[in-house]
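Chemist: with the sequence up front, the predicted model follows.
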Amino acid sequence: MKTLTEVLEKVAPKHVKEQAALVASYKTFYDKWHFELTTGFSLLMYGFGSKKALLEDFAMTALADGPVVVVNGYLPVIRIKNVVFTIASALWEQSRARTEGCVKRKKLSTGQPLPNQSLEDLMIFIREKPDSEWVYILVNNIDGPGVRDDDIQRTLALLAACPCVRMVASIDNVNAPLLWDKQMANAQFNWWWHHTPTYDHYSVEGTYLPLLLTSGGSLETIKSSSLVLKSLTPNAQSVFKTLAQFQLAHPDDQGLPLHQLYTSCRDQFLVSSELTLRAHLTEFKDHELVRWRRGNDGQDCLFIPMTVDALTKLLHDVFQ
């Protein structure tokens, strides 16, 4: 049976000229959008179609007067500290470039170099920067799965409120405004909404959908999961294999309790402590490979959200 992806790839695009003309018309607003950023607003682009190419073209064309940090919210997982560190690094590099004869590495208030700073220290460093130095933050899909977490949204809102930060973001979900309370939307993000439908394919964003949204039996899900597993350490792979083998041997069970998985992995010398096992499980959960659910006896159990056939094929692809 053909997959939906295979069918869609054979569908000829329609209204190509009209679509190109529509996207090109937005270029006339670039100067206006740039001005809105300089006056303290954040830009929020909404409308049907991928806006990734539009935002990146806007950044390359109109935002050449400062560093641009891109955050792809459509990714399954985003490490917000890495984002904040990248922003702080861009500001630090900008300050160093503007300071002639600077030979010493700048440090934060605690006296430690940037890489060793906590998230709080990095935020203080960014917040204390004046608006005479700025960085652009481009968030593709600020309503995406990688940044939908409440803590991440609040961190992004705090960043947007910093004098040195100029934020441009896109949304695609009609319920995206529910991510923000009044304080975040109006005082911190200070959104200026722009209706910019492109009717463009979600070709890049859709690359990550099989791992996130499919039922667990499609070829795309198996391929995505296989790529993730092959990137993990041998011990992590073996922990996943242990859980998978239990699930295949007990298809009617709700899952495997943590203490049973730990005992099995410890006996195989895969982990030395429950803390190590939890670290592996966190990585699995970040990539949607493993989930929790309540068993019939009330215990929280781990399970792999795949059909028997899909899980069997995945094990064959990774371990054979």
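Modeler: That came in fine, so what should we check first?
Chemist: how about the residue nearest the centre of the chain, nearest residue that isn't a chain neighbour?
Modeler: A centroid search over the chain (C-alpha atoms, centre = their mean) returns G146, at 3.0 Å, as the residue closest to the centre. What sits nearest to G146 in space, not counting adjacent residues and going by C-beta to C-beta, 6 or more residues apart in numbering, is I78, at 3.7 Å. C-betas here are computed from N, CA, C, even on glycine.
Chemist: please enumerate the strands of the chain.
Modeler: In the chain, the strands defined using DSSP state E lie at 42-46, 68-72, 135-140, 165-170, 191-195, 256-257, 291-294, 300-303.
Chemist: the longest helix along the chain vs strand 68-72, what angle?
Modeler: For the chain, the helix that runs over the most residues, judged by DSSP state H, is helix 80-98. Relative orientation of helix 80-98 versus strand 68-72 (axes from the mean of the first three to the mean of the last three C-alpha atoms, to 10 degrees): 170 degrees.
Chemist: what helices and strands are in contact with helix 80-98?
Modeler: When contacts are defined as 3 or more C-beta pairs under 8 Å, 6 or more residues apart in numbering; DSSP states H and E, helix 80-98 packs onto strand 68-72, helix 119-127, strand 135-140, helix 150-160.
Chemist: may I see the ones you listed arranged in TSV, with distance to Y262 and mean neighbour count as well?
Modeler: Below are the helices and strands packed on helix 80-98 laid out as TSV (distance: least, C-beta to C-beta, whole Å; neighbours: other C-beta atoms under 10 Å):
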stretch	distance to Y262	mean neighbour count
strand 68-72	35	19
helix 119-127	30	17
strand 135-140	38	24
helix 150-160	28	19
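Chemist: turn those into TSV, including distance to L55 and mean pLDDT.
Modeler: Below are those laid out as TSV (distance: least, C-beta to C-beta, whole Å; pLDDT from 0 to 100):
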stretch	distance to L55	mean pLDDT
strand 68-72	9	92
helix 119-127	21	92
strand 135-140	6	96
helix 150-160	15	95
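Chemist: and for the residue nearest to E274 when sequence neighbours are not counted, the neighbour number?
Modeler: Spatially, and ignoring its direct neighbours in sequence, E274 is nearest to Y262 (5.3 Å; C-beta to C-beta, 6+ apart). The number of residues packed near Y262 is 20, by other C-beta atoms under 10 Å.
Chemist: ok, Y262 - contacts?
Modeler: 271, 274, 277 (C-beta atoms under 8 Å, 6 or more residues apart in numbering).
Chemist: and the residues you listed, which is closest to Y30?
Modeler: L277 (51.2 Å; C-beta to C-beta).
Chemist: between the helices and strands packed on helix 80-98, which one is closest to E93.
Modeler: strand 135-140 (9.9 Å).
Chemist: partner strands of the closest one, with direction?
Modeler: strand 68-72 (parallel), strand 165-170 (parallel) (DSSP bridges).
Chemist: V11: which of these is closest?
Modeler: Closest approach to V11 among the strands paired with strand 135-140 (C-beta to C-beta): strand 165-170, 24.2 Å.
Chemist: ok, residues contacting that closest one?
Modeler: Strand 165-170 has contacts (C-beta under 8 Å, 6+ apart) with 33, 37-38, 42-46, 51-52, 55, 58-59, 66, 87, 126, 134-142, 156, 159-160, 189.
Chemist: likewise for stretch 189-199?
Modeler: 15, 19, 22-23, 26, 29, 33, 36, 40-51, 53-54, 156-157, 160-161, 167, 180, 185.
Chemist: cool, thanks, talk later.
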